[in-house]
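Student: need the 3D shape of this:
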Amino acid sequence: MEENTEINESGFVTDDSNKEIRKTLHLTGMYKDWFLDYASYVILERAVPEVNDGLKPVQRRILHAMKELDDGRYNKVANIIGHTMKYHPHGDASIGDALVQLGQKELLIDCQGNWGNVHTGDGAAAPRYIEARLSKFALDVVFNPKTTRWKPSYDGRNKEPITLPVKFPLLLTQGVEGIAVGLASKILPHNFNELIDASIKILEGKDFELMPDFLTGGMADVTKYNDGLRGGRIRIRAKINQLDKKTLVITELPFGVTTSSLIESIIIANDKGKIKIRKIDDNTARDVEILIHLASGISPDTTIDALYAFTNCEVSVSPNSCIIDAGRPKFIGVKEILKISTDNTVALLKLELEIEKGELLEQWHFVSLERIFIEKEVYEDMKKCKTDAEINEAIDIGLKPYTQNLVRAVSLEDILRLRKIPIDRISKYNSDKADDVIKAIEDDIKQVEYDLAHLTQYVIDFFLRIQKKYGKGKERKTELRNFENIEATMVAVANERLYVNKVEGFAGTGLKKDELVGECSDIDDIIVFREDGTFIVTKVADKVFVGQNILHIAVFRRNDERTIYNMVYQDGVKGSAYIKRFAVVGVTRDKEYDLTKGTKGSKVLYFTANQNGEAEVVKVIHKPKPKLKKTIFDFDFSDLAIKGRSSQGNILTKHLVKKVALKDEGVSTLGARNIWYDETVMRLNTESRGVYLGAFKPTDKILTIMKSGHYRLLSFDLSNHFDEDMIIIEKYNPAKIISTVYYDGEVKKAYVKRFQIEESDKKQDFLGEHNDSFIYSVSNDYLPQAEVVFDEKKNGKHIDNEIILLADFIAVKGFKAKGKRLTSHFVKEVIMLDPLPYENENTIELSTEIEEIETKPDPFEDFGKISERKTDEEDDDEPVQMTLF
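Tutor: Numbers count the residues shown, from 1 in each chain. You can find the predicted model right below:
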């Protein structure tokens with residue numbers, strides 16, 4: 001500031017006359033510098049974790065403060081927050097929130113009191129009411145003052161660690177989320193034991209895979225995880241099971257979703273008409289339990305798919321792996337992060353071994369020096385000395401003849417330590433005991449040197465020791481599974497009614513005074529066929545113009561190959577009559593398509609839509625014409641092949657047609673439907689994915705047998721959901737006999753039973769109600785053989801394995817029968833062997849032949865699809881069942 005100037009109350013510079021002096025300040029450079037400083041500070045000191053210890057600064061300071069307070073007892077969280085404020089200058093709220101988040105991850109902090117609930121989203125109690133201390137795991141792997149690098153705290157009064165010497169992939173175990181200036185970091189948590197296994201594979205030079213795992217459980221599709229980098233995406237679903245026909249239960253949540261937000265999303269979907277539920281009960285306490293009671297007449301399987309499609313039962317999470325490395329933010333994948341963490345662990349363990357070796361050498365040096373000092377009576381030379389310098393010199397001279405084997409030269413510190421040895425200790429000195437101490441130290445040095453020479457194996461043993469000590473109870477909670485894509489229109493509840501005015505050409509949900517078409521949802525598409533031979537697909541709306549002279553209108557199902565349209569049209573005003581059968585599989589919305597040859601004046605004479613490919617017989621009546629002998633004839637649509645919608649069709653007659661009328665109702669020409677089961681997504685399909693179950697007619701069913709001792713009969717609806725403990729799935733054959741060997745929990749012995757499936761709409765229990773009962777093995781073969789392995793420990797002696805033909809052992813009884821005791825001895829396991837050959841012409845065999853319509857190349861060639869034809873060799877096989885043992 002210039003002389004004779006000062007700043008007034010308004011903040012302006014004034015001269016002697018109190019006159020304000022205006023100065024121009026350029027903000028451009030200031031903004032640039034200040035903003036970069038601020039952005040760098042937020043990135044490095046607030047939001048993004050350090051790659052070496054996996055911690056944000058606030059987390060590191062909390063753990064350091066807790067270590068300083070640690071005495072083995074719990075500390076009030078309020079005290080921990082106050083102590084941490086010596087190192088963290090951003091207030092108690094940010095410290096408290098970070099501390100609660102660390103505690104809820106159940107790894108580094110041992111919590112006591114109400115720390116909130118990650119399932120319900122409830123917050124923790126006030127800091128004065130809850131307590132915490134470092135976990136044993138944290139004390140083992142996070143702290144070591146000897147290998148910690150330090151820096152002054154923000155006010156210079158204290159020292160805080162630059163990074164903590166963490167000997168574990170903490171960042172990937174806990175995960176992290178932070179938003180900085182210009183970038184963000186979102187690293188998902190991974191499984192404790194899988195990270196240890198992957199670290200060991202890195203040390204062994206093997207490849208590995210790393211996928212997320214969440215404390216809330218659920219199911220995850222990680223096919224697009226992309227190593228945790230930007231652009232990746234994972235889909236996470238709640239675990240939903242069916243209690244009965246009217247009740248669903250949610251037992252696990254997607255990552256980041258609470259019971260409150262999940263229930264709210266279900267209520268919103270119900271209010272919008274996407275799903276229909278009667279009520280929701282939230283019984284969540286320690287474990288998640290949300291009961292969804294369905295409205296009457298609603299399919300549980302369809303509702304499960306609808307919950308995934310319209311609610312937070314399925315969420316997508318996009319990772320963004322950003323860390324701080326060498327003072328700079330970097331975007332690297334989780335594999336690279338684990339490699340850096342493993343290398344850091346190797347370096348820290350090596351440093352600890354080197355420090356330990358140095359300490360052991362120092363210990364050996366002084367013990368040896370002490371032995372020389374006492375056994376050679378060097379202390380006697382001290383009696384003639386009068387000053388400290390003379391005493392030190394006398395001891396140094398007295399030791400010199402014996403120091404050639406020491407690890408280093410004798411220092412002044414060594415001499416001073418020798419002078420402090422008490423007379424009592426010198427008089428009671430035991431040479432043999434000293435030899436033992438030196439020998440033990442030398443053994444320890446050899447062990448440390450061996451570990452340094454075999455450092456990789458030492459680190460592997462360290463990881464295995466950590467896994468054995470802390471890995472129990474940290475098994476994977478999130479099930480990895482490939483999800484099928486749920487088409488929303490297929491699972492949405494019909495919450496609207498569709499009306500049409502065929503004369504004026506309008507359709508929609510608001511035309512309540514016109515003709516009712518049927519029920520639909522507000523996200524459906526509708527397909528409209530018109531008299532001029534054109535059709536269009538458009539979205540359901542309140543009122544939309546779809547063209548005049550409507551022949552047929554319905555809800556459109558994309559990729560529906562079983563709805564076949566039968567049509568007769570006249571080509572132009574006086575042209576021939578053509579006939580065709582076709583399906584509409586996929587189209588562009590709001591684009592008009594012509595089903596005729598395109599001649600002006602063409603007109604549809606006959607049209608039907610057949611949901612299961614029915615082919616009727618029609619009566620064709622010609623217009624009167626001289627010399628025309630045959631004025632009326634019949635035509636069976638089943639004689640006509642199904643082709644694509646763009647096909648012009650076959651000539652029905654070259655004469656003008658007066659009328660085409662229905663003569664006889666037709667039957668389906670599509671035959672049975674071939675069904676496969678895809679184990680990866682646990683769903684049925686018609687696209688040849690997975691195991692072929694058979695060709696299904698409308699009345700056929702699927703049999704599933706569960707490890708819990710239940711069986712279910714299901715339709716072959718592609719929306720069906722299956723139990724996770726399913727061990728057998730096949731096409732149901734009423735004559736098939738099921739054989740099982742099971743442990744009866746009440747009698748505590750092994751039993752055998754054989755039974756036929758009794759038809760029921762409910763899940764049936766064939767094992768019994770005792771909680772300790774379980775299945776050894778189950779077979780759906782006609783003549784199964786079982787090898788019984790006896791429990792030598794429980795029986796107190798060795799018993800040779802026994803092979804039993806179950807069909808000879810017991811007759812077929814009801815599924816609720818107890819069966820026959822297998823043996824009086826204790827059984828360890830039962831192994832099903834290859835069954836004996838069996839032939840019986842009277843037995844109803846499962847159909848393995850793929851029906852004709854399914855084996856033909858797809859007739860809808862305009863969509864560029866080709867279905868796979870089954871070869872004769874494949875037809876000889878019987879892939880009609882799937883055993884998942």
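
Student: show me the longest helix that occurs in the chain.
Tutor: The longest helix of the chain (DSSP state H) is helix 334-375.

Student: packing partners for it?
Tutor: Here helix 334-375 touches helix 170-174, helix 192-203, helix 388-399, helix 412-419, helix 431-453, helix 455-470, going by 3 or more CB pairs under 8 Å, 6 or more residues apart in numbering; DSSP states H and E. Quick note: C-beta positions are derived from backbone N, CA and C, even for glycine.

Student: could you dump the shortest one to CSV, C-alpha only?
Tutor: Meaning helix 170-174. Provided in CSV are the C-alpha atoms of helix 170-174 (Å, rounded to 0.1, in the frame of the first residue of the first chain):
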residue,chain,number,x,y,z
LEU,A,170,-8.3,-52.3,1.5
LEU,A,171,-9.5,-50.0,-1.3
LEU,A,172,-11.1,-52.9,-3.2
THR,A,173,-12.5,-54.5,-0.1
GLN,A,174,-14.4,-51.5,1.1
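
Student: closest to W676 out of the helices and strands packed on helix 334-375?
Tutor: For W676, the closest of the helices and strands packed on helix 334-375 is helix 192-203, at 31.6 Å, according to CB to CB.

Student: quick one: contacts of the following helix or strand past the closest one?
Tutor: Downstream of helix 192-203, the next assigned helix or strand under DSSP states H and E is strand 219-221. With contact meaning CB atoms under 8 Å, 6 or more residues apart in numbering, strand 219-221 is reached by 211-212, 214, 234-239, 252, 255, 478-483.

Student: kindly report the same for stretch 509-520.
Tutor: Contacts for stretch 509-520 (CB under 8 Å, 6+ apart): 494, 496-502, 506-507, 522, 526, 540-543, 553-555.

Student: quick one: which of these sit in strands?
Tutor: Of these, the ones assigned to strands by DSSP state E are 496-501, 506-507, 526, 553-555.

Student: scan those residues and report the most crowded one.
Tutor: A507 (27 neighbours; other CB atoms under 10 Å).

Student: one step back: give the PyMOL command for selecting the buried subset of the contacts of strand 219-221.
Tutor: Buried members of the contacts of strand 219-221, defined by 16 or more other CB atoms under 10 Å, are picked up in PyMOL with:
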select buried, resi 211+212+214+234+235+236+237+238+239+252+255+478+481+483
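
Student: that older thread, out of the helices and strands packed on helix 334-375, which one sits most buried?
Tutor: When the helices and strands packed on helix 334-375 are scored by mean count of other CB atoms under 10 Å, the highest mean neighbour count falls to helix 170-174 (a mean of 24).

Student: after that one, next one along is what?
Tutor: strand 176-179.

Student: by contact count, what packs against that following strand?
Tutor: In terms of contacts (3+ CB pairs under 8 Å, 6+ apart), strand 176-179 is packed against strand 184-187.

Student: out of the ones in strands among the contacts of stretch 509-520, flag the one nearest to D343.
Tutor: Among the ones in strands among the contacts of stretch 509-520, and counting by CB to CB, the member closest to D343 is V555, at 59.6 Å.

Student: show me the contacts for that closest one.
Tutor: 498, 518, 520, 524-527 are the contacts of V555 under CB under 8 Å, 6+ apart.

Student: quick check: the farthest pair among those residues?
Tutor: Counting by CB to CB, the most remote pair of those is G518 and D525, 13.8 Å apart.

Student: higher neighbour count, these two?
Tutor: D525 (17 against 11).

Student: helix or strand right after the longest strand that the chain contains?
Tutor: Longest strand in the chain, counting residues (DSSP E): strand 657-668. Once strand 657-668 ends, the next helix or strand along the chain (criterion: DSSP H and E) is strand 673-678.

Student: center of the chain, which residue is that?
Tutor: A220 (1.9 Å; CA atoms, centre = their mean).

Student: and that residue, what pLDDT?
Tutor: For A220, the model assigns a pLDDT of 94.

Student: what pairs with it across the strands?
Tutor: With DSSP bridges as the criterion, A220 is bridged to I236, L480.

Student: which residues in the stretch 651-800 of the chain form helices?
Tutor: Under the criterion DSSP state H, counting those that start in this stretch, the stretch 651-800 of the chain carries helices at the ranges 792-795.

Student: for P89, which residues are in contact?
Tutor: By CB under 8 Å, 6+ apart, the residues touching P89 are 154-155.

Student: then it would be within a strand, right?
Tutor: No - per DSSP: H, G, I helix; E, B strand; the rest coil, P89 lies outside any strand segment and is coil.

Student: any idea how far I179 is from it?
Tutor: Applying CB to CB, to the nearest Å, the value for P89 to I179 is 20 Å.

Student: just A609 next, same as before
Tutor: From A609 over to I179 the distance is 54 Å, taken as CB to CB.

Student: between those two, which has more neighbouring residues?
Tutor: Taking neighbours as other CB under 10 Å, A609 and I179 compare with A609 leading, 17 against 13.

Student: could you give the bridge partners of the more buried one?
Tutor: As for beta bridges, A609 partners with Y565 under DSSP bridges.

Student: where does S265 land in three-state SS?
Tutor: Going by three-state DSSP: S265 is helix.

Student: residues contacting the residue sitting furthest away from the middle of the chain?
Tutor: The C-alpha centroid of the chain is most remote from K384, which lies 81.7 Å away (CA atoms, centre = their mean). Applying CB under 8 Å, 6+ apart, we find K384 in contact with A394.

Student: for S185, same thing?
Tutor: S185 makes contact with 47-49, 176-178, 320-323, according to CB under 8 Å, 6+ apart.

Student: which residue packs closest to it, ignoring adjacent ones?
Tutor: Counting by CB to CB, 6 or more residues apart in numbering, S185 lies nearest to C322, which is 3.9 Å off, once chain neighbours are set aside.

Student: okay, now that neighbour: neighbour count?
Tutor: C322 has 24 nearby residues by other CB under 10 Å.
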